[in-house]
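Colleague: only geometry, no sequence info:
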């Protein structure tokens with residue numbers, strides 16, 4: 001029992017009176033948890049005349065004649081006591097002498113009673129809001145419901161369902177910062193074909209090391225951003241490639257390959273010290289800015305929005321996207337989010353997933369079908385030429401059964417330019 005909650009009474013009072021007043025004192029001192037707003041106190045009738053009228057009506061209803069004198073006076077007095085006597089209040093008592101279980105039971109009971117008295121009422125502000133919307137024509141109109149693509153991941157903490165929409169809004173705003181702009185004219189010894197050869201080789205290295213998909217996309221982003229800031233001799237282009245993949249592995253992988261692994265896979269063309277020096281030079285030029293939205297970031301989200309989706313659809317999207325990354329004009333002309341959305345659109349057309357572009361995809365990508373046709377035609381054209389190209393790393397990668405052999409599927413003719421048919 002809390003000492004502060006005790007009520008000290010004079011000893012000359014009767015035992016019953018002490019007990020009654022003590023209980024009333026305890027209850028009055030512990031009204032903190034009581035919702036005073038829910039108490040409704042009835043007013044007692046004012047004046048003797050009103051009291052007598054109430055008594056007369058009550059006795060008359062029971063068939064008892066009211067007589068003048070002591071009986072009537074006693075009845076009136078009893079009735080006045082009944083009216084003037086305050087009704088007992090429901091008080092929640094929290095004390096160390098009582099069990100926690102009993103206290104929780106009382107709290108739940110009061111909460112249910114309060115909730116039942118409030119649930120039927122509407123807040124005045126909500127009524128005003130509804131009226132203002134109706135007056136301005138902003139009432140909800142029937143429309144096709146967009147399914148919640150994150151409903152299955154509501155219990156997955158890594159999916160960050162509460163923030164995922166805001167994250168991708170930020171990615172769309174920040175993609176220009178990590179986007180590569182035309183730099184080939186500033187490189188006297190490097191051309192577009194050399195870059196494609198390097199990307200083809202890095203794709204093969206990525207596959208042999210069995211690295212994460214995001215590592216490849218970040219590697220190519222680092223290569224292009226560094227080449228846009230630094231003039232690189234032809235003999236060091238491969239060194240830039242392995243050093244960029246080393247950085248990407250340290251950023252994305254749990255178990256990253258060591259420096260000697262990259263030296264060996266490049267057929268000892270460079271020394272270990274050269275790789276470390278180039279790694280430091282790349283990080284310095286990029287100012288250690290490695291957190292950029294690559295096409296992979298958008299691909300994962302847009303594939304999820306492409307409902308229904310399966311393994312074949314997923315591999316087809318990645319196949320088209322990686323074909324696009326090999327070509328220098330593609331990464332220069334289109335932002336990462338547009339490349340990812342176009343790969344999804346072209347894949348749905350190839351696999352005849354109807355509709356080719358849904359309201360769900362439009363909502364999550366922010367692109368309409370007309371905005372994607374130009375880039376999608378480029379990706380479909382690259383798909384049709386992949387089997388004849390000398391650079392076959394991506395084609396071989398997606399021709400394997402574990403990739404559903406999507407590279408062997410015929411390119412959709414509806415998106416191919418007329419001259420290539």
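Modeller: Nice, I can see it. What you see is a predicted model, and the numbers here were worked out from it, not measured in a lab.
Colleague: low-confidence regions, the stretch 1-150 of the chain specifically.
Modeller: For the stretch 1-150 of the chain, the stretches flagged by pLDDT under 70 are 1-144.
Colleague: correct me if wrong: residue 338 contacts residue 374.
Modeller: No. Look at residue 338 against residue 374 with C-beta atoms under 8 Å: they stay out of range, at 9.1 Å. The way it works is simple: take the backbone N, C-alpha and C, and place the C-beta from them, glycine included.
Colleague: and the two? Which one has more around it.
Modeller: residue 338 (21 against 12; other C-beta atoms under 10 Å).
Colleague: for the more buried one, grab phi and psi.
Modeller: The phi and psi values for residue 338, taken as degrees, to the nearest 10, are phi -70, psi -40.
Colleague: can you tell me the closest non-neighbouring residue to it?
Modeller: residue 375 (5.7 Å; C-beta to C-beta, 6 or more residues apart in numbering).
Colleague: mind checking which helix or strand that neighbour is in?
Modeller: helix 369-385 (DSSP states H and E).
Colleague: that helix - what's its average pLDDT?
Modeller: The pLDDT scores in helix 369-385 average 94.
Colleague: list the contacts of it.
Modeller: Helix 369-385 is contacted from outside by 319-321, 323-324, 326-327, 330, 333-334, 338-339, 341-343, 345-346, 349-350, 356-357, 362, 407, 411-412, 415-417, 420, using C-beta atoms under 8 Å, 6 or more residues apart in numbering.
Colleague: buried stuff in the helix or strand following that helix?
Modeller: Next in sequence after helix 369-385, counting helices and strands by DSSP H and E, comes helix 393-397. By neighbour count on 16 or more other C-beta atoms under 10 Å, the buried set for helix 393-397 is 393, 394, 395, 397.
Colleague: excluding chain neighbours, give the residue nearest to the second one in space.
Modeller: On the basis of C-beta to C-beta, 6+ apart, the spatially nearest residue to residue 394 that is not a chain neighbour turns out to be residue 322, at 4.8 Å.
Colleague: same question, the third one
Modeller: By the measure of C-beta to C-beta, 6+ apart, the closest residue to residue 395 outside its immediate chain neighbours is residue 386, 4.4 Å from it.
Colleague: can you check the last one too?
Modeller: Residue nearest to residue 397 in three dimensions, not counting chain neighbours: residue 207, with 5.8 Å by C-beta to C-beta, 6+ apart.
Colleague: ok, now which ones touch residue 391?
Modeller: 196, 197, 200, 326.
Colleague: state the pair within these that is farthest apart.
Modeller: Distance extremes for the contacts of residue 391: the farthest pair is 197 and 326 at 9.5 Å, using C-beta to C-beta.
Colleague: neighbours of residue 290, how many?
Modeller: 17.
Colleague: any idea which element the closest residue to it other than its chain neighbours lies in?
Modeller: Leaving aside its sequence neighbours, residue 290 sits nearest to residue 251 (C-beta to C-beta, 6+ apart; 5.4 Å). Element membership of residue 251, judged by DSSP H and E, is helix 237-252.
Colleague: isn't residue 262 right up against residue 244?
Modeller: No. At 10.3 Å, residue 262 and residue 244 do not qualify as touching, with contact defined as C-beta under 8 Å.
Colleague: next up, the contacts around residue 394.
Modeller: For residue 394, counting by C-beta under 8 Å, 6+ apart, the contacting residues are 200, 203, 319, 322, 323, 326, 386, 407.
Colleague: hmm, back to that, so who does the residue nearest to residue 395 touch?
Modeller: 323, 392, 394, 395, 407.
Colleague: what would these look like in CSV with distance to residue 233 and pLDDT?
Modeller: Converted to CSV, the contacts of residue 386 look like this (distance: C-beta to C-beta, whole Å; pLDDT from 0 to 100):
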residue, distance to residue 233, pLDDT
323, 28, 96
392, 27, 93
394, 27, 96
395, 30, 96
407, 34, 95
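Colleague: farthest-separated two in these?
Modeller: The span of the contacts of residue 386, defined through C-beta to C-beta, is set by 323 and 392 at 11.2 Å.
Colleague: more crowded one of these two?
Modeller: Counted by other C-beta under 10 Å, residue 323 and residue 392 do not tie: residue 323 has more neighbours, with 26 against 16.
Colleague: just give the nearest non-adjacent residue to the more buried one, would you?
Modeller: Using C-beta to C-beta, 6+ apart, the closest residue to residue 323 is residue 382 (4.2 Å).
Colleague: tell me which helix or strand residue 299 sits in.
Modeller: Element membership of residue 299, judged by DSSP H and E, is helix 295-305.
Colleague: relative to helix 369-385, how tilted is whatever helix or strand comes next after that helix?
Modeller: Sequence-wise, the next helix or strand downstream of helix 295-305 (DSSP H and E) is helix 311-326. For helix 311-326 against helix 369-385, the angle by axes from the mean of the first three to the mean of the last three C-alpha atoms, to 10 degrees is 80 degrees.
Colleague: which other helices and strands contact helix 311-326?
Modeller: For helix 311-326, the elements it packs on are helix 192-208, helix 213-227, helix 295-305, helix 328-333, helix 336-350, helix 369-385, helix 393-397, judged by 3 or more C-beta pairs under 8 Å, 6 or more residues apart in numbering; DSSP states H and E.
Colleague: what angle do the second one and helix 237-252 make?
Modeller: Going by the same axes, to 10 degrees, helix 213-227 is angled at 130 degrees with respect to helix 237-252.
Colleague: buried sites along helix 213-227?
Modeller: Residues of helix 213-227 classed as buried: 214-227 (neighbour count, 16+ other C-beta under 10 Å).
Colleague: spit out the contact partners of residue 269.
Modeller: 238, 239.
Colleague: specify the local secondary structure of it.
Modeller: At residue 269 the chain is in coil, as set by DSSP: H, G, I helix; E, B strand; the rest coil.
Colleague: more neighbours, residue 262 and residue 244?
Modeller: Using other C-beta under 10 Å as the criterion, residue 262 and residue 244 rank with residue 244 on top: 26 against 22.
Colleague: nearest residue to that one in space, please, no chain neighbours.
Modeller: In space, residue 244 is closest to residue 222, 4.0 Å off (C-beta to C-beta, 6+ apart).
Colleague: quick one: the one you found and residue 375, what's the gap?
Modeller: 23 Å (C-beta to C-beta, to the nearest Å).
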